[in-house]
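Q: got a sequence here, can you build the structure:
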Amino acid sequence: MWIRFILSSLVIFFAGKRLPKYVRIISAHTGIGEGYLGVIALGAITSFPELVTSLSSIFLLRDPDLALSNVLGSNIFNMTIIAILFIWSGRTFFDKGEKGKFQAALLGILMTALVGFAIFQRSKFSILGISYLSWLLLLLYLFGMRWLYKIDRDKLPANSHALIEKNLHINSIYIRCLVAALLIMVAGYQASFACKEIAIAMHWESSFVGSLFLAVATSLPELTVCLSAFKIGSPAMAIGNVFGSNIFNLAIIFPIDLLYPGSIFVKISPYQLLIVFEGILFTILAILGISYRTNKRVSRLSPDGFIMISIYFLGFWWMFHHMTR
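A: Numbering: from 1, shown residues only. From the prediction side, this is the model:
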């Protein structure tokens, strides 16, 4: 089971490694800004593992706690990626004109708070067999994507024409993106089963395994993509990918609820409220850190990144002592 988990994680990691380069070329070819493509395209592609593993957890394993903990745990791990970027580089993140990422972060906070309310309320009220709160999450996601597009449209990379000239075979880029997405989906499917086996063998709660092991494995594409985007000089794409992935992950709750009979929130462990709180706190800290770094260089030893990573590990230390049996 551990070998299966590690191999699946490696496939996810390497499949996502070249996605930023492909998306940058697509941005130049289509005229859609890198930041928005980071939010909508990369955010969705790198969230395929969360989608597949969460749906597998419901459809095949009938484990709603594992499904939701994967979503929420992936989101807080994604925010630690920004903390890693804070420490890794003191460079400017993006200029003051790049407003879309902050709106994406605020949308993520709103959707996360709604999930926390749903877990706390444990309402059985549903529409067409789906919790009314899941419907609200879907509507927030759809309207949010439209809103972000209006904010971030028509922002081409500075060397867009050079990118297009050097990469005339755009169809091959689309095919490579599709292949990478399929590899991520298959590996994510395998990772969900491996984590369920780990939970049973180690006598750990599904919500703990999902929010730690499965969440980290399914967030490897985000980590790879963000580091790669930073290396090619597109921090806006990196930040957009993290916030976009978090928003897409929360939208995954709708199809999860669709596959589960009744409201999914009735069966969720209250311990997941801790993950919800961490997700909101991390997003606020990330917004503050990015704002501070806008149009300026700061020391790599700035405390915000270290604080976020410390809170992440302290939270899981607490969960380990209270949720393992």
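
Q: which parts of the stretch 201-325 of the chain are helices?
A: 206-209, 215-218, 220-231, 235-251, 253-259, 272-293, 303-323 (DSSP state H, counting those that start in this stretch).

Q: ok, which of the ones you listed comes nearest residue 7?
A: Within those, the stretch nearest residue 7 is helix 215-218; the backing value is 10.5 Å (CB to CB). Every C-beta, even on glycine, is put in place using the N, C-alpha and C of the backbone.

Q: just the CA atoms of the closest one, as CSV, please.
A: Extracted C-alpha coordinates of helix 215-218, given in CSV (Å, rounded to 0.1, in the frame of the first residue of the first chain):
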residue,chain,number,x,y,z
ALA,A,215,-4.1,15.7,0.4
VAL,A,216,-0.4,16.0,0.1
ALA,A,217,-0.3,13.4,-2.7
THR,A,218,-3.0,15.1,-4.7
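
Q: I would like the residues contacting that helix, please.
A: With contact meaning CB atoms under 8 Å, 6 or more residues apart in numbering, helix 215-218 is reached by 5, 8-9, 12, 49-50, 53, 69-70, 72-74, 76-77, 188, 191, 195.

Q: could you rerun that using 7 Å?
A: 5, 8-9, 12, 49-50, 53, 70, 73-74, 77, 188, 191 (CB atoms under 7 Å, 6 or more residues apart in numbering).

Q: among those, name the ones in helices.
A: 5, 8-9, 12, 49-50, 53, 70, 73-74, 77, 188, 191 (DSSP state H).

Q: can you put those in a markdown table and add distance to residue 139?
A: Below are those laid out as a markdown table (distance: CB to CB, whole Å):
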| residue | distance to residue 139 |
| --- | --- |
| 5 | 35 |
| 8 | 33 |
| 9 | 34 |
| 12 | 30 |
| 49 | 25 |
| 50 | 20 |
| 53 | 24 |
| 70 | 23 |
| 73 | 24 |
| 74 | 22 |
| 77 | 26 |
| 188 | 26 |
| 191 | 30 |
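
Q: now rank these by neighbours and give me the top one.
A: residue 70 (37 neighbours; other CB atoms under 10 Å).

Q: before we move on, the earlier item: pLDDT check: weakest of the ones in helices among the contacts of helix 215-218?
A: The pLDDT minimum for the ones in helices among the contacts of helix 215-218 sits at residue 188, where the score is 68.

Q: so which of the helices of the stretch 201-325 of the chain is the most packed in?
A: Stretch with highest mean neighbour count among the helices of the stretch 201-325 of the chain: helix 235-251 (a mean of 29; mean count of other CB atoms under 10 Å).

Q: dump it to PDB, restricted to CA.
A: C-alpha atoms of helix 235-251 as PDB (Å, rounded to 0.1, in the frame of the first residue of the first chain):
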ATOM      1  CA  PRO A 235       4.700  34.400 -10.200                       C
ATOM      2  CA  ALA A 236       1.200  35.500 -11.100                       C
ATOM      3  CA  MET A 237       0.600  32.100 -12.700                       C
ATOM      4  CA  ALA A 238       1.900  30.400  -9.600                       C
ATOM      5  CA  ILE A 239      -0.300  32.400  -7.200                       C
ATOM      6  CA  GLY A 240      -3.300  32.100  -9.500                       C
ATOM      7  CA  ASN A 241      -2.800  28.300  -9.600                       C
ATOM      8  CA  VAL A 242      -2.900  28.000  -5.800                       C
ATOM      9  CA  PHE A 243      -6.000  30.100  -5.300                       C
ATOM     10  CA  GLY A 244      -7.700  28.700  -8.400                       C
ATOM     11  CA  SER A 245      -7.000  25.100  -7.300                       C
ATOM     12  CA  ASN A 246      -8.500  25.900  -3.900                       C
ATOM     13  CA  ILE A 247     -11.700  27.300  -5.400                       C
ATOM     14  CA  PHE A 248     -12.000  24.300  -7.800                       C
ATOM     15  CA  ASN A 249     -11.500  21.900  -4.900                       C
ATOM     16  CA  LEU A 250     -14.300  23.500  -3.000                       C
ATOM     17  CA  ALA A 251     -16.500  23.300  -6.100                       C
END
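
Q: show me what that helix is packed up against.
A: helix 34-37, helix 43-45, helix 64-88, helix 100-121, helix 132-152, helix 220-231 (3 or more CB pairs under 7 Å, 6 or more residues apart in numbering; DSSP states H and E).

Q: wait, which of the helices of the stretch 201-325 of the chain is closest to residue 108?
A: Of the helices of the stretch 201-325 of the chain, the one closest to residue 108 (CB to CB) turns out to be helix 235-251, at 4.6 Å.

Q: distance from the chain centre to the closest one, please.
A: When distances are taken as CA atoms, centre = their mean, to the nearest Å, helix 235-251 is centred 6 Å away from the chain's centroid.

Q: likewise for stretch 73-92?
A: Its chain's C-alpha centre and that of stretch 73-92 lie 12 Å apart, by CA atoms, centre = their mean.

Q: returning to that earlier point: relative to residue 102, which of the helices of the stretch 201-325 of the chain is closest?
A: helix 272-293 (6.2 Å).

Q: now that closest one: average pLDDT?
A: Rounded mean pLDDT across helix 272-293 is 87.

Q: what of stretch 219-231?
A: Rounded mean pLDDT across stretch 219-231 is 78.
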